[in-house]
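Undergrad: Would you be able to build a 3D model of this:
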Amino acid sequence: MNTREAKIEAFGHLLDVQERLRKECPWDRKQTFQSLRPNTIEETFELADALMNNDMHNVKKELGDVMEHVLFYAILGDESDEFDIADVCNQEARKLMFRHPFIDWTGWRDDPKADSGDMPHNSEEVEQCFQEGQNVAAILGHYCNWEWLSCVGIELPKSRKMGLIYHPLRNQAFDELFKRIRSHEENGVVVPKKNILRYLVDYKRKGIMSIFGYISDQGPKWENIHLWLPFLNHPETPVFTGGERIMRKMNDAVFYVEMSRPKRGYYTATYKLITRNPNSLPEHEITRRFFQMLEETIRRNPPYYLWTHNRWKRTKEEFDKRYEIKNGKVIPKES
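TA: Got it, this is the predicted structure:
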């Protein structure tokens, strides 16, 4: 295989070729971030197919195509004075170093221990719950980099489990990709939402301490609406209550997780205790407190709330016309 010097030289050669194409090729000259996006998606799918087929010849080819797009976007970023390929590489290196604290980076550039701008806050409270024999539920919304919750695992002993609940994707390649991303830490697990209770009971039976994240600000389907709350100037917003029911059943300590972005490329996750005794609170109180805390977070910095669906497409008026609740179940009204 090639030496390190040859690898660096090859990367520089590819960068030189791409920069020249941008200057001299008519097609390359007219490309923008948006015009390249469909091609990037296509190349990513082709790489995923090659990986699934274990076709190393085409894996090499498609990796080259994806790398070309990475360089192309970096060139466009350089032209707009936003970022260049060095910024991309350095930011990724810093992220990887931070996510692997069990490796001693002393003396390395960007030693993560020398920069506290990207780390969980109050994670010691989570570990205290574990020490006292109580598992933890982390509840949060689609705010800022909510996927960064998976990084809490780096602050915990490897015997603890950091779980993320997710809805499986129909495309198998992308489903596997997202599962790998979300379970990159040694103690990270991803669990389909329909299986969460089984996992929690199994971990508890085996004495494995865990923290599971619940993204809880989506709009429920009609048959799952059991609670309406004021949220972001809407007096009646349908909300999920299933997460709270699981937290009560498992008697978890419940933390609200507030994500923030202190500077470019850095994120913090701050754990704010809601309750150590969920069954001492009135029904739906955990959900009420969560939405109050989420709204406070959003109002402090609205641009980072990334829920783009029509959150209020289901109204209380229509619900009352079409449905009723009997014995705790939502059922259609008889015509």
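
Undergrad: which ones are touching the nearest residue to residue 268 once chain neighbours are set aside?
TA: Take residue 268 and drop its neighbours on the chain: the residue closest to it by CB to CB, 6 or more residues apart in numbering is residue 260, 5.0 Å away. In short, each C-beta sits where N, CA and C put it, glycine included. Neighbour list for residue 260: 144, 267-268, 270, 301, 304 [criterion: CB atoms under 8 Å, 6 or more residues apart in numbering].

Undergrad: quick one: which of those is nearest residue 251?
TA: The closest of the contacts of residue 260 to residue 251 turns out to be residue 270 (CB to CB; 23.7 Å).

Undergrad: re the thing from before, spell out the secondary structure type for the residue nearest to residue 268.
TA: strand (DSSP: H, G, I helix; E, B strand; the rest coil).

Undergrad: any idea how far it lies from residue 266?
TA: 9 Å (CB to CB, to the nearest Å).

Undergrad: and what of residue 216?
TA: According to CB to CB, residue 216 stands 25 Å off from residue 266.

Undergrad: Repeat that for residue 50.
TA: Using CB to CB, residue 50 is found at 34 Å from residue 266.

Undergrad: One more: residue 209?
TA: For residue 209, the distance to residue 266 equals 28 Å [CB to CB].

Undergrad: now residue 158
TA: For residue 158 relative to residue 266 (CB to CB), the value is 24 Å.

Undergrad: what does residue 139 give?
TA: Residue 139 sits 23 Å away from residue 266, going by CB to CB.

Undergrad: what do you get for residue 292?
TA: 27 Å.

Undergrad: These two: who's more crowded?
TA: A direct count of neighbours by other CB atoms under 10 Å for residue 292 and residue 266 places residue 266 higher, at 19 against 14.

Undergrad: The more buried one bridge partners, please.
TA: Taking DSSP bridges as the rule, residue 266 bridges to residue 263.

Undergrad: now do the one 4 residues further on
TA: In this structure, residue 270 bridges to residue 121, residue 258 when assessed by DSSP bridges.

Undergrad: That one contacts residue 258, doesn't it?
TA: Yes - applying CB atoms under 8 Å, one finds residue 270 in contact with residue 258, separated by 4.6 Å.

Undergrad: So which elements touch the longest helix along the chain?
TA: When the chain is scanned for its longest helix (criterion: DSSP state H), the result is helix 56-79. Contacts defined by 3 or more CB pairs under 8 Å, 6 or more residues apart in numbering; DSSP states H and E place helix 56-79 against helix 4-24, helix 33-52, helix 85-98.

Undergrad: need the helix or strand of the protein with the lowest average pLDDT.
TA: Using mean pLDDT, DSSP states H and E, strand 120-121 stands out as the lowest-scoring helix or strand of the chain, at a mean of 62.

Undergrad: Show me which residues of stretch 53-70 are buried.
TA: Residues 59, 62, 68-69 are the ones in stretch 53-70 that count as buried (16 or more other CB atoms under 10 Å).

Undergrad: Could you do stretch 187-202 as well?
TA: So, applying 16+ other CB under 10 Å, buried residues of stretch 187-202: 187-191, 196, 199-200.

Undergrad: can you pull out the strands in the stretch 101-250 of the chain?
TA: Using DSSP state E, counting those that start in this stretch, the strands of the stretch 101-250 of the chain run over 120-121, 136-140, 161-166, 188-192, 210-215, 228-231, 234-238.

Undergrad: Quick one: list the elements packing against the fourth one.
TA: Strand 188-192 sits against strand 161-166, helix 172-182, with contacts defined as 3+ CB pairs under 8 Å, 6+ apart.

Undergrad: and which of the contacts of residue 260 is nearest residue 83?
TA: Residue 83 has its nearest neighbour among those in residue 267, at 17.4 Å by CB to CB.

Undergrad: which ones are touching the closest one?
TA: 118, 144-145, 148, 259-261.

Undergrad: Point out the least confident one among these.
TA: In terms of pLDDT, residue 118 ranks lowest among the contacts of residue 267, with 50.

Undergrad: Please pick the buried ones from the contacts of residue 260.
TA: Buried among the contacts of residue 260 by 16+ other CB under 10 Å: 144, 267-268, 304.

Undergrad: Tell me which two of those sit farthest apart.
TA: By the measure CB to CB, 268 and 304 form the most distant pair in the buried ones among the contacts of residue 260, at 12.2 Å.

Undergrad: what residue ranges in the stretch 151-300 of the chain score low on pLDDT?
TA: Across the stretch 151-300 of the chain, the ranges flagged by pLDDT under 70 are 151-157, 183-186.
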